[in-house]
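Peer 1: Predicted model and sequence follow; I will ask about them next.
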Amino acid sequence: MRISFLVPTYNDMNVSELVSELRSSANKLLEENKITDFEIVISDDCSKPSYHLSLIDVSDERTKLVVQNRNLGVVENFRALYNLSKFDLITVVPGDGEWPPTEVCRLISQHVNQLTKSILLTVRSRRFPNYSFLRVAISIIYNVFASVVVKQLIPDLGSVKVFPRVLIVEPKTKSLLSELELLINARNQNFEIINAKINNAPRKAGKSSIRPLDLAWKCVIDLLRLVNFLISSKHRKTL
């Protein structure tokens, strides 16, 4: 089994340390024969200043750093990473440090035999860390909608950590709720959904470029898109 570790980052000053820790943890999985190969792909969303990126060790052929020439935003930066990666199993380890690489790799090791036909969600030990009121509201909407879609309790937005590439299809969403597309696709393809506890750390993210009103508006539009997507997918199943 080959895994692409994807690291989206924006103004995350400690990302070089995270990448080093991730490489060490991934190599351990390789040594234990849990996986057969891996790559680490980092996409920086046009950080300013960007001097901290020079500290990332890219001498290992398994590590690739791409610096975007303009700010894409969270969702588009994720999609850029999907296109840059090559292996069939995807693991997301954001550069803000909330999801420690040792913890993510521990979960991969525990569930390695299930990952080709499942989607792994992580349950935070810390709830709503450093979130604004709007971000908490979006998380609640996500929880409710996701629970209705897959008929089980789903952790917070950002919890999807490991999933097969086959679940990525032509995107219909443009906001933070894009993760719901993966859950809908997982449900439609009868994938197992695994909830696993993780010891998440305090976020060390840089200042976001997202404007609150834009975020709220995009989430409302995406909810309508997802409802339509859900209805149409159910209709196709009945044909």
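Peer 2: Right, received. Where do you want to start? Numbers count the residues shown, from 1 in each chain.

Peer 1: Report the mean confidence score over the lengthiest helix in the chain.
Peer 2: Counting by DSSP state H, the longest helix found in the chain is helix 212-238. Helix 212-238 comes out with an average pLDDT of 74.

Peer 1: Tell me where the chain has strands.
Peer 2: For the chain, applying DSSP state E gives strands covering 2-9, 37-44, 63-67, 89-92, 118-124, 160-164, 192-198.

Peer 1: Sort out which residues of the second one are buried, please.
Peer 2: Along strand 37-44, these residues count as buried under the neighbour rule (16 or more other CB atoms under 10 Å): 38-44. C-beta: built from backbone N, CA, C; applies to glycine.

Peer 1: go on, the third one?
Peer 2: With burial defined by 16+ other CB under 10 Å, the residues of strand 63-67 counted as buried are 63-65.

Peer 1: Who does residue 91 form a beta bridge with?
Peer 2: Beta-bridge partners of residue 91, counted by DSSP bridges, are residue 5, residue 162.

Peer 1: Report how many residues lie close to it.
Peer 2: Per other CB atoms under 10 Å, the neighbour tally for residue 91 reads 26.

Peer 1: Now for residue 187: which residues touch it?
Peer 2: For residue 187, the contact set (CB atoms under 8 Å, 6 or more residues apart in numbering) comprises 149-150, 193.

Peer 1: again, only using 6 Å
Peer 2: Counting by CB atoms under 6 Å, 6 or more residues apart in numbering, residue 187 touches residue 150.

Peer 1: Let me know the pLDDT of it.
Peer 2: On pLDDT, residue 187 comes in at 85.

Peer 1: nearest residue to the residue nearest the centre of the chain other than its sequence neighbours?
Peer 2: The chain has residue 92 as the residue nearest its centroid, 4.2 Å off, counting by CA atoms, centre = their mean. Nearest residue to residue 92 in three dimensions, chain neighbours excluded: residue 6, at 5.2 Å (CB to CB, 6 or more residues apart in numbering).

Peer 1: if we can go back for a sec, make a markdown table from the buried residues of strand 63-67 and add distance to residue 214 to it.
Peer 2: Formatted as a markdown table, those follow (distance: CB to CB, whole Å):
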| residue | distance to residue 214 |
| --- | --- |
| 63 | 33 |
| 64 | 30 |
| 65 | 28 |
